[in-house]
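Participant: Model the structure of this input:
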Amino acid sequence: MIVALTALVVALGGTGYAATQLPPDSVGRKQLRDGAVGPTKIRTDAVGAQQIRPGAVRSSEVRDHSLRARDLARGALPAKAASRIRQASGDPVDPGAVGAVSVACAAGERVAGGGGGFAGPAVTNDKLVDSIPVGFDHPPGRWRVTLFNGAASPRTPVAYVVCATP
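Facilitator: A predicted model of the protein is given here:
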């Protein structure tokens, strides 16, 4: 029991000495083992941008929803892409026939989505054959809609494309 008590006093005395007798900033990177200081040992707001080297923290090490816009430098994130909807009308499609129309984004824009239908009210027998991005560009620069006219009269197909400016 005496040996255990002596060991305890020596252990606590060393910690107490280190806490009260070491000069400020005398323990640095060379004295610390890897992993010795974790998040539970660091006061809130004790580490700021000035103490972190560029590239020292990777995105996989940042908890989701832990950063807000005010935590980031202006220009650190890309600006939101602007988008615009473009439309085109095709030649009238006869009753019981299939017709298609496509619409393109302007130069410098890319396709973000699209769709279409016939101008005017929908008819129960209308069918959407396809609604897809088309073209040989990467990413494609056009959107095509192919439709079956289920009405009793010719109707005009309309295609829409959502174009994003990167």
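
Participant: Show the subsequent helix or strand relative to the helix or strand bottoming out on mean pLDDT in the chain.
Facilitator: Of all the helices and strands that make up the chain, helix 2-21 has the lowest average by mean pLDDT, DSSP states H and E, namely a mean of 64. Downstream of helix 2-21, the first helix or strand assigned by DSSP states H and E is strand 82-89.

Participant: Centre of the chain to that following strand, how far?
Facilitator: 23 Å (CA atoms, centre = their mean, to the nearest Å).

Participant: Just the C-alpha atoms of it, please, in PDB.
Facilitator: Output in PDB follows, covering the C-alpha atoms of strand 82-89 (Å, rounded to 0.1, in the frame of the first residue of the first chain):
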ATOM      1  CA  ALA A  82     -26.800  31.000 -63.500                       C
ATOM      2  CA  SER A  83     -29.500  29.100 -65.400                       C
ATOM      3  CA  ARG A  84     -32.000  30.100 -68.000                       C
ATOM      4  CA  ILE A  85     -34.900  28.200 -69.700                       C
ATOM      5  CA  ARG A  86     -35.000  28.200 -73.500                       C
ATOM      6  CA  GLN A  87     -37.800  26.900 -75.600                       C
ATOM      7  CA  ALA A  88     -38.500  26.000 -79.200                       C
ATOM      8  CA  SER A  89     -41.600  24.900 -81.100                       C
END
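
Participant: which residues are contacting the next helix or strand after that strand?
Facilitator: Using DSSP H and E, the helix or strand that directly follows strand 82-89 along the chain is strand 98-104. By CB atoms under 8 Å, 6 or more residues apart in numbering, the residues outside strand 98-104 that reach it are 86-93, 114, 116, 129, 134-135, 141-149, 157-161. Glycine gets a C-beta too; all of them are placed from N, C-alpha and C.
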